[in-house]
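**Student:** Sequence plus the predicted model coming up.
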Amino acid sequence: MIPPLPVPLFFAEDTGEDLPFYEIYLNRVGISSIELPRERVSVETGGKLRLKLLNRGAPIHITISSSNAGMFTDFFHKNTYVVDATLLTLPIRKDAPDGFFDLEILSGYGVTKALLHVEITNPDLHKAPARSENLPIQPVAHGRPHLLMVMMGIGLLLYTAWLYVGIGILNTAAFIVLIIGALYTWYRLQ
């Protein structure tokens, strides 16, 4: 049995107010107008896209949807009624690739339409690979010689013999040995 604590504990939920957000103004220029952020909208994978919808006029109904965001987020569609300000948070998947998606924002039941281009960046993909400081200066041979090198040596001997002796079959044999070595190496890599 756990005795009750004499002091009540209060836990505050992290609302993420310190995270950056992009402001979208509604009804500021005219009725049902939409003003998108002027800066480039970019989010890292595993982060959150936070959009602050600020209404500067009469309450307005907006619809936000995206048809090409399936690779990056689970968000597809949201209808909301904005009186003063509303915060919309879209979580971006941790395994999302680099790319972009578009958010289509409709206001006033489809009177005005705006397209917000969101770029997704994966910082892990852009890091330079770590270089080892102890790289060997010369490659080190391991095991027996490669079959292609052996075939080239045999082909060289056959060609040299053809030059000295003059028998035409040695030249043809040298060519066939080189082709067999090259084909063996080619199909071995695949």
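**Tutor:** Received, thanks. Residues are numbered from 1 along each chain as shown.
**Student:** For stretch 52-63, measure first residue to last.
**Tutor:** The straight-line separation of the ends of stretch 52-63 (C-alpha to C-alpha, to the nearest Å) is 14 Å.
**Student:** What residues sit buried inside that stretch?
**Tutor:** Neighbour-count burial for stretch 52-63 flags 53, 55, 60, 62-63 (criterion: 16 or more other C-beta atoms under 10 Å). (Glycine included, C-beta is placed from N, CA and C.)
**Student:** looking at the chain, which residue lies furthest from center?
**Tutor:** residue 165 (63.1 Å; C-alpha atoms, centre = their mean).
**Student:** where does it fall, phi/psi-wise?
**Tutor:** phi -90, psi -40 (degrees, to the nearest 10).
**Student:** before we move on, the earlier item: now, the buried residues of stretch 52-63 that are in strands?
**Tutor:** By the criterion of DSSP state E, membership of those in strands covers 53, 55, 60, 62-63.
**Student:** quick check, nearest of those to residue 113?
**Tutor:** For these, the residue nearest residue 113 by C-beta to C-beta is residue 63; the value is 9.6 Å.
**Student:** Residue 90 and residue 49 touch, don't they?
**Tutor:** Yes: counting by C-beta atoms under 8 Å, residue 90 touches residue 49, with 4.3 Å between them.
**Student:** hey, what's in contact with both of the two?
**Tutor:** Any residue near both residue 90 and residue 49 by C-beta atoms under 8 Å, 6 or more residues apart in numbering counts here, and that gives residue 73.
**Student:** more crowded one of those two?
**Tutor:** Using other C-beta atoms under 10 Å as the criterion, residue 90 and residue 49 rank with residue 49 on top: 25 against 21.
**Student:** what sits against the closest residue to residue 98 other than its chain neighbours?
**Tutor:** Spatial nearest neighbour of residue 98, chain neighbours left out: residue 122 (5.3 Å); criterion: C-beta to C-beta, 6 or more residues apart in numbering. The contact partners of residue 122, taken as C-beta under 8 Å, 6+ apart, are 44-45, 96-98.
**Student:** For residue 122, what are phi and psi?
**Tutor:** Note on residue 122: its backbone torsions stand at phi -110, psi 100 [degrees, to the nearest 10].
**Student:** Local confidence estimate at it?
**Tutor:** Predicted confidence (pLDDT) for residue 122: 83.
**Student:** can you check residue 85 too?
**Tutor:** For residue 85, the model assigns a pLDDT of 91.
**Student:** Go ahead and confirm it touches residue 52.
**Tutor:** Yes: between residue 85 and residue 52 there is a contact under C-beta under 8 Å: 6.4 Å.
**Student:** before we move on, the earlier item: would you list the buried entries among the contacts of residue 122?
**Tutor:** By neighbour count, with 16+ other C-beta under 10 Å, these hold 45, 96 as buried.
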